[in-house]
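> Got a predicted structure plus its sequence, pasted below:
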Amino acid sequence: MANDNLGQKNYLEGGKKEQIEFWVANFNQEIDEALEDRKQENRFIHEYKKLFKGLYKEITLTMFCVWIVTSSNLFGMDLILPTVLSKITEGTDYHPLTMLVYLNAALIPCIIPMVVMVEMQYFGRKKTLTIIYFAMGTGGIFTYFHVFPGFIFWLGLFKLCVHASFMVLYLFTTELYPTHIRVNALGQSSAISRIGVIIIVWVSMFLIEIQIFLPFLVYGIMGFLAFFVTNRLPYETLNEDLDRIISPYINIKKKKTESL
């Protein structure tokens, strides 16, 4: 890494290796203190409980919620979309598969601005994600009510936001946690989201029998729920140190240093 990024072939010489080892030891000690990692127990439970220690509890609960919403809306939409397109193209010259191809083709270039937004200082990860979830909620609800300029437009917006939210969510989730628990946090968030997928499949099939666009009303409400909980999260990870530790002790120490 030092050779590729810094152009230094002998980076670990002159005491650098010892400094890095010392930093790693101190960092792991601070993380153990922040997570109150002092009990010996089953390894799975031990690692899982780290996600709910200190201020990481709020982060984890928020991430679980938005992962459930994103996965549920994605799988629910993909499940009913062929049926919806078949219904709305009945008696017309349009083919549902052709309409789906056109819809997907139109959405691909629309994702590019969101790729740029997450790297802009004004937007960052959190604000971009909240905008996406707000637009997702709007798209879902306006699809149901057939608001101008029509349900195809709002359906396209909803579909765009669902896929874009996954793109930003993977990035935001991994950056919220330190290396010590990052992979576990991402894996558990994805696993928990499958609970929503199991439920939304049955809910979608039930609702679509009542009214063809009714599932989108539920998807829209869930999008606004994700917007609300994400907006309450007081953290932005753009240009931050990935190995920072979120804990009351660290925050207090940082404020005292800034005041000096």
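In hand now; what should we look at?
> Average pLDDT for stretch 49-56, rounded please.
Within the predicted structure, the mean pLDDT of stretch 49-56 is 85.
> Same question for stretch 16-34.
Computed over stretch 16-34, the mean pLDDT rounds to 73.
> Next: stretch 198-208.
With pLDDT averaged residue by residue, stretch 198-208 scores 96.
> List the buried residues of that stretch.
The neighbour-count check on stretch 198-208 (16 or more other CB atoms under 10 Å) flags 200, 203-204, 207-208 as buried. For glycine as for every other residue, the C-beta is placed from the backbone atoms N, C-alpha and C.
> what's next to stretch 71-84, contact-wise?
In this structure, residues lying in contact with stretch 71-84 by CB atoms under 8 Å, 6 or more residues apart in numbering are 96, 100, 136, 140, 155, 158-159, 162-163, 166, 190, 193-194, 196-197, 199-201, 203-205, 208, 212-213, 215, 218-219, 222-223.
> Near P215, how many other residues are there?
Around P215 sit 28 other residues, with neighbours defined as other CB atoms under 10 Å.
> quick one on the thing from earlier: what's the closest of the buried residues of stretch 198-208 to E240?
Checking the buried residues of stretch 198-208 against E240 by CB to CB gives I200 as the nearest, at 33.2 Å.
> Figure out how far the helix or strand containing that closest one is from the centre of its chain.
Applying DSSP states H and E as the criterion places I200 in helix 179-210. Offset of helix 179-210 from its chain centre (CA atoms, centre = their mean, to the nearest Å): 12 Å.
> Show me what it is packed against.
For helix 179-210, the contact count by 3 or more CB pairs under 8 Å, 6 or more residues apart in numbering; DSSP states H and E identifies helix 43-50, helix 56-88, helix 151-176, helix 214-232 as packing neighbours.
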